[in-house]
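> Sharing a model that was predicted from the sequence below.
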Amino acid sequence: MNTDISLLTSEYQTLLSELKSRSHDDITDALVADHDWTEAGASELAMVVKNYGAFFLRNAAALAIATGQEDGDLSF
């Protein structure tokens, strides 16, 4: 399991810098077009980020890594 998120963070920072706005729809569209996300997965990811933020998600990621839960039950 790859646990280094620095490259992914850099890719998403680049993606965001190229958007006209950081709206849910623009982020979702870019994830689908440029990062091979499904529409449902991209929409869920954008919503989770908005609702929970980096502090919560950093802890969630650490717990997922520690428990070996690479892919969730929702199959995104």
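On my side now, so go ahead.

> which residue sits closest to Asp34, ignoring its sequence neighbours?
Nearest residue to Asp34, sequence neighbours excluded (Cβ to Cβ, 6 or more residues apart in numbering): Leu15, at 6.3 Å. The C-beta positions use only the backbone N, C-alpha and C, and glycine is treated the same way.

> Show the contacting residues for that neighbour.
Leu15 is in contact with Ala30, Leu31, Asp34, His35, counting by Cβ atoms under 8 Å, 6 or more residues apart in numbering.

> quick one: average pLDDT of the helix or strand containing it?
Under the criterion of DSSP states H and E, Leu15 resides in helix 6-17. Averaged across helix 6-17, pLDDT comes to 94.

> now the residue nearest to Asp34: how far from Gln69?
Using Cβ to Cβ, to the nearest Å, Leu15 is found at 25 Å from Gln69.

> One more: Asn2?
Asn2 sits 14 Å away from Gln69, going by Cβ to Cβ.

> Please say which of the two ends up with more neighbours.
Gln69 (12 against 8; other Cβ atoms under 10 Å).
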